[in-house]
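**Q** Predicted model follows, preceded by the sequence.
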Amino acid sequence: MKGIALLLLCAAAAAQASSSCSPDSVGDLIPHRNCDQFYMCFFGSQTELHCADGLLFNPEAKVCDWPANVDCGDKIIPNRKLDVQKNLKKDGRSLSPAEICAAEDSEGLIFDHEYCDKYYKCNHGKPVTMPCPPNLLWYNPFC
């Protein structure tokens, strides 16, 4: 009985998440059940996105923000470490953003950009340059 109730609850949550984007919405950001994730709307469909490691989605400001600025309430706060450095080199040479994002299982991967106020995010096999929120810089050893 508990299993059926849990299944119905999950189905209701999924239905609510999928119906959150209106058919004409483009770029709307919607909170996810994980506090470090959010959805971006594009003409009624949703894309699940992740904040950079160490940041959480701030639903009021609609940006990834420092944890001190975000009230996650009862949302899940995963303890995830993003280890992308091992994926950035092959045979001792640095891979290009296009090569990194063309790799299998790269969807949603985030990694260093040439400029400290930006980062790359793999989206459907392509690198997309993403801006950091105001007053935040992407951490990399050269910044």
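**A** The structure has been received and is ready for your questions. Residues are numbered from 1 along each chain as shown.
**Q** Please verify my assumption that E107 contacts K126.
**A** No - applying CB atoms under 8 Å, one finds E107 not in contact with K126, separated by 10.5 Å. The way it works is simple: take the backbone N, C-alpha and C, and place the C-beta from them, glycine included.
**Q** Quick one: the helices in this protein, in order.
**A** Counting by DSSP state H, the chain has helices at residues 2-18, 97-102.
**Q** Report all helices and strands that the shortest one contacts.
**A** The reference is to helix 97-102. Helix 97-102 is packed against strand 118-123, strand 126-131, with contacts defined by 3 or more CB pairs under 8 Å, 6 or more residues apart in numbering; DSSP states H and E.
**Q** Could you rerun that using 6 Å?
**A** Judged by 3 or more CB pairs under 6 Å, 6 or more residues apart in numbering; DSSP states H and E, the packing partners of helix 97-102 are strand 126-131.
**Q** Give me the sheet partners of the strand it packs on and which way each runs.
**A** Strand 126-131 pairs in its sheet with strand 118-123 (antiparallel), by DSSP bridges.
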